[in-house]
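1. what's the 3D shape of this:
(2 chains)
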Amino acid sequence: MGIRPMNGTTLVGRLSLALLFCGWLMLIAVSAAQEVRLVVGITDDKDTLDVADLGTEANDFGLIVFDRLVTFTAEGEFAPELATDWSVSDDGLTWTFNLRQGHMFHDGTPVNAQAVKDSFDRLMDPELGFLRRAVFDVIADIEVVDEYTVAFTTADVHPFMLNTLADVAASIVSPTAAAELGPEGFAVNPVGSGPYRFSSWERGTRIMFEKNHDHWLADSGNVDVIEFRIVPDISSRAIGLETGELDFVMRTNPIDAARLDTLPNLQAYNVPLVRNLVIAPNMFVEPFDDVRVRHAISHAIDRQLIIDVFLEGFARVSDSAFTPGVWSYTPQDTFEFDPDRARELLAEAGYPDGFSTTLRVPTGRIGGIIDTAEAVVQMLGDVGINVELDLIEHAAWIVTLRAPPEEATHEMTFWTWGTLTGEPDYAVRLQFHSDNWSPTCCNRNFYSNPEVDALISEGLTAIDEDERRAIYERIQEIVWQEQGHIFLYDLNHTSVGNTRVEGVQVLPTERWDFRAVTKR
Amino acid sequence: MPRLACCARGRGGWCGDDGYVAASAVSTFTYVSRRALQALLTFAVLSLLVFLTLHMAPGDPALMIAGLDAPERVIVAVRDRHGLDLPVHVQYLRWVSQIAQGDFGTSYRTNRALAPDLWSGFRISLTLGALSLGFAIVVGIPLGLIAGIKRGTTVDFGVMFLAGIGMSIPGFWLAIMLTLLFTLQLGWLPFAGWGTWQQAVMPVLALSSSTIALLARMVRSMIVEILLEDYVRTARSKGLAERVVVVKHALRNALAPVVTMVGIRFGFLVSGTVITETVFSIPGLGRMLVNAVGIRDFPVVQAGTLLIVVAITVINLLVDLTYTFLDPRIRYD
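-> Below is the predicted model of the structure:
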């Protein structure tokens, strides 16, 4: 029994099949090769993909999956997004927005005034209890004026309405999808109208988004797929950038960022953030109630040295309670590094031999904080202030901060604040108004100044822009002079990206905008 | 010991020649059940310890969930929703009854059932641990054997020198060094992630290095000792080939303590993978647990710890049972 040879027709049939198969394979290979993928390295997996339930963790994917009525530009101005133009009523209480027409959500339903209203009603629904709901308490009513016109009314004059509406939590979600999926379903399958739609989520590994070809930004970039790759280790992210497996990383170590910037294929985005780092002295603990002592501490610290040595220039010496990205920011006279002056002031205040105190340092979340703490200890020691470090784990630190004045155990503590909405009120009221002492909110060191309290309230109600600016300038003056916080430095972004990636917007309000990116 | 009638189809195996269940089978069964009861007690005590430690440590899960700036009423609502204001023993008993019914609970952080994520992390850590252990056995035991046989030669010194280094190198340092070499310099392997065999190479190398060293040293010293024993001299004088002497007689006896070590190392590998998982971005249980502790996600910590304790207990039980095969002198009556 020999081998039966194939007859002619079988041979032709099989050859054609083989050729077709090869052709198909090549087509797949070619189309896969042509897909432009942007790989972004992020630190942690998201808890949910519903931006209504997230803080700054939404400030990356929230910008690509959703659109908002208005948005922040890199210069801190407001630009149209879903709203093409807007106006405010004479009494300042009603804001009317005209929407762009014909835009659709990813599920094909139209983005119109009713959808905007439904989206906000859902966000503000007390039953659903979303994390970011309270921010929108200022909105008293939303009216659908006509198909593409929507009006927001506030109970009191809210001059910073655009800041509120540009917040990532104010993203417009598809009400149809939200209703169908319910909160739990929407949390793992967000549906918006943004330039990228949610595609898949491998927990702990990656989140995938693919281009929405019907979006008005579709031609402004060539990226077909955006992959958020979860890489928890900060050094690992730096390695990923070097090998080219990561195209962009939002947070790196300042030392890595400085080094990577020198490589030809990488660049650092050393952009100022609206976040500062301060030392908050407990106003109820002597001698911090004496302004001369606070000035002494401020003069004793060489901020520029800390920035040069530990932060590789990825920060800037603070010169106001406001950071430059905040409306009405006004630079003040800085407290020069002057140990002699510090000793003089301490003597004047009755501490010629200095005094002892503790500095509470939260570990694990703020980069470089222990180095900064040790430098501060040395610098204060030079002028006679004996500082003992109290290192505390982040979660435990949070609990101690909420203690009311009679139970508070911190003498000095590090503290950080990010004015993420860019609003001057957000920069001061929660931190410096005496109504907001712990545990109510965020005035953690019990600062109190009646003049500042009054000015803060006035700032909210002032209608005239010049008047408002004058008020916030005065607040900055007073808070700075009092050194209610010992202001150290304003932080910068430590984002690094491949030079072949263009169009990534890294914004002071701790946002990363990948809406219109080109990858060469 | 009661005599149980054997309903097996024929003789042999569990059934003795007299038609009753063989004594050795019964005694193994009793042994296993006794161990199982011990295990249950261990789980109870350990889970209680973990529970108490979590609840007594500073840090408030309600604050972590709601956020530092949340108003008091939100925090109270969160506490209420998760039963965090109930007395500790009530919370513990609620948790125990939940687990007994197979409900692992809801994560405070994600607000979803934690079982799927926990299982997926557990499978990954288990795979990583098993691969590392397997690699360590395949490399470490032969190395130790060679060093033992060639005691006193350069080979022996070489292997022991390497073993010394392997035991002293910290895992995360090795992990990063491997990445610098294989990823940055040579470009052979991907820098992070889990799923392809290329992504498994460096994590397994990094994790197994200390176990290889340990096994090599252990096997070497056992072999050296055994090769001096009388029965080995007898085997040699019987004219058996050296290879047969070594493998059939010496190695078999050397393995019992090695098997114990393997069981212990497995526990360490499964629960101690957090650093490797973090450096290589592997979504395993170790990393999940450490993160959960940091944000006070109690249900995840409790369920995850319980899972690890169960795994280690089962492994150790299996290890103990294999002794009966390795060493016929060991019986459990």
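2. How many residues are close by the closest residue to chain A within the stretch 101-250 of chain B?
-> Of all residues in the stretch 101-250 of chain B, the one sitting closest to chain A is residue B:191 (4.9 Å; C-beta to the nearest C-beta). No exception for glycine: its C-beta is placed from N, CA and C like everyone else's. Counted by other C-beta atoms under 10 Å in any protein chain shown, the residues lying close to residue B:191 total 27.
3. Could you list the buried residues of the helix or strand hosting residue A:293?
-> Using DSSP states H and E, the element containing residue A:293 is helix A:291-300. Buried positions in helix A:291-300, judged by neighbour count with 16 or more other C-beta atoms under 10 Å in any protein chain shown: A:292-300.
4. which residues touch it?
-> Helix A:291-300 is contacted by residues A:279, A:281, A:287-288, A:335-339, A:341-343, A:345-346, A:348-349, A:351, A:379-380, A:382-383, A:385, A:482-484, A:486-487 when judged by C-beta atoms under 8 Å, 6 or more residues apart in numbering or on different chains.
5. show me what contacts residue A:196?
-> Residue A:196 neighbours (C-beta under 8 Å, 6+ apart): A:64-65, A:209-212, A:226, A:514-515.
6. Got phi/psi on it?
-> phi -130, psi 140 (degrees, to the nearest 10).
7. Tell me the bridge partners for it.
-> On the basis of DSSP bridges, residue A:196 is bridged to residue A:211.
8. From residue A:62, how far off is it?
-> 11 Å (C-beta to C-beta, to the nearest Å).
9. next one: residue B:47
-> 39 Å.
10. Same question for residue A:324.
-> 24 Å.
11. how much space between residue A:480 and chain B?
-> 23 Å (C-beta to the nearest C-beta, to the nearest Å).
12. same question, residue A:88
-> Distance from residue A:88 to chain B, by C-beta to the nearest C-beta: 29 Å.
13. residues touching the residue lying closest to that residue once chain neighbours are set aside, list them.
-> Leaving aside its sequence neighbours, residue A:88 sits nearest to residue A:95 (C-beta to C-beta, 6 or more residues apart in numbering or on different chains; 5.5 Å). Going by C-beta under 8 Å, 6+ apart, residue A:95 touches A:86-89, A:151-154, A:161.
14. just to revisit the earlier point, for the contacts of residue A:196, work out which two are farthest apart.
-> Among the contacts of residue A:196, the pair separated by the greatest distance (C-beta to C-beta) is A:210 and A:515, at 13.8 Å.
15. Those two: who's more crowded?
-> residue A:515 (21 against 17).
16. Setting aside sequence neighbours, what's the nearest residue to that one?
-> Using C-beta to C-beta, 6+ apart, the nearest residue to residue A:515 is residue A:195, at 4.9 Å.
17. number of nearby residues for the one you found?
-> Neighbours of residue A:195 using other C-beta under 10 Å come to 27.
18. what residues are up against it?
-> A:64, A:211-212, A:215, A:217-218, A:221, A:515-516.
19. Which element is encountered next along the chain beyond the helix holding residue A:293?
-> In N-to-C order, the element after helix A:291-300 by DSSP H and E is helix A:303-310.
20. If you average the pLDDT over that following helix, what comes out?
-> Regarding helix A:303-310, the rounded mean pLDDT is 94.
21. Equivalent analysis for stretch B:82-95, please.
-> Mean predicted confidence for stretch B:82-95 is 88.
22. same question, stretch A:238-253
-> 94.
23. how far away is the residue nearest to residue A:493 when sequence neighbours are not counted from residue B:96?
-> If the residues on either side of it in the chain are set aside, residue A:493 comes closest to residue A:271, at 4.6 Å by C-beta to C-beta, 6+ apart. Note on residue A:271: its distance to residue B:96, by C-beta to C-beta, is 51 Å.
24. So what does the spatially closest residue to residue B:279 that is not a sequence neighbour look like in phi/psi?
-> Once flanking residues are discounted, residue B:279 sits nearest to residue B:175: 4.4 Å by C-beta to C-beta, 6+ apart. Torsion angles at residue B:175 (phi, psi; degrees, to the nearest 10) stand at phi -60, psi -50.
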